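Engineer: Turn this into a model:
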Amino acid sequence: MSMLPSASKGTVAQDLVVLRGILSPASLNDPMSILIVHDGLEDLSTEPLEWVLKEIASSIRCNVVLLGVMPWLNIPLSSKTWSEIWSVHREDLSIVHGEKKMKAKYQKFQHLLDLCKEYGVVPEIRTEMGHPLRLLVIEQIISLHATVVVFDRYHDRKNIEYYAEKVGCCHMVRMNDNGEAETIQGRRSLLASTPLVSPSSIPTPQM
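Structural biologist: Model prediction:
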């Protein structure tokens, strides 16, 4: 298991620019697509989002999707889950804004938006239900053309390695129990099966 280095801000972003320049040079000037995958049945942690904002969005234009994935639920479980952030829509905030006792889920949703605003990011927050979950996650990674996929601490490493094997060309990271980012599939492993291209031949992207 390789730990992401606590290097200066922008190091991860620079590596990703080189990686994308090799794998998809035509997309260099497009916003980088980042998918943050959460277990929709667990409490949502802001650690994956904060890592993305500080390590990547601070240096590269990004489209960020926070995705809560979960199996099909029976009514009692569904009611509990939908009382959390995954049932909130951005339009709901304008209705409850200013209320003295705003529900916790709205406060959490607003906190996410405020975090992103500091970095000029407007996140998309969505939920997907299905079975099997492995297939559901793979479908979302592919359909969103994710360059980077970040998994919360509740996702098993073996499942993430399975996604890396099936999907291939994206950088995959998992947050561990200490709130640190672990690279599951990074630049080195992706380039191992990619024809070598000199970084000097990659055009400089517009930040």
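Engineer: From here on, just use CA atoms for contacts and neighbour counts.
Structural biologist: Fine.
Engineer: surely residue 41 meets residue 67?
Structural biologist: No: using Cα atoms under 8 Å as the test, residue 41 is too far from residue 67 to be in contact (11.9 Å).
Engineer: By mean pLDDT, point me to the weakest helix or strand of this structure.
Structural biologist: Sorting the helices and strands of the chain by mean pLDDT, DSSP states H and E puts strand 2-3 at the bottom, at a mean of 36.
Engineer: can you give me the helices for the chain?
Structural biologist: Here the chain has its helices, by DSSP state H, at 11-23, 47-52, 75-81, 90-96, 104-117, 133-143, 157-167, 187-191.
Engineer: Can you tell me which of those helices has the worst average pLDDT?
Structural biologist: Lowest mean pLDDT within these: helix 187-191, at a mean of 46.
Engineer: Quick check: buried residues in stretch 119-137?
Structural biologist: Within stretch 119-137, the residues scored as buried using 16 or more other Cα atoms under 10 Å are 119, 121, 122, 123, 125, 127, 128, 133, 136, 137.
Engineer: Give me the subset of the residues you listed that lies in strands.
Structural biologist: 125, 127, 128 (DSSP state E).
Engineer: Just give the number of residues close to the nearest residue to residue 147 once chain neighbours are set aside.
Structural biologist: Residue nearest to residue 147 in three dimensions, not counting chain neighbours: residue 170, with 4.8 Å by Cα to Cα, 6 or more residues apart in numbering. By other Cα atoms under 10 Å, 24 other residues sit near residue 170.
Engineer: Surely residue 170 touches residue 144?
Structural biologist: No: the criterion here is Cα under 8 Å, and residue 170 misses it with residue 144 at 11.5 Å.
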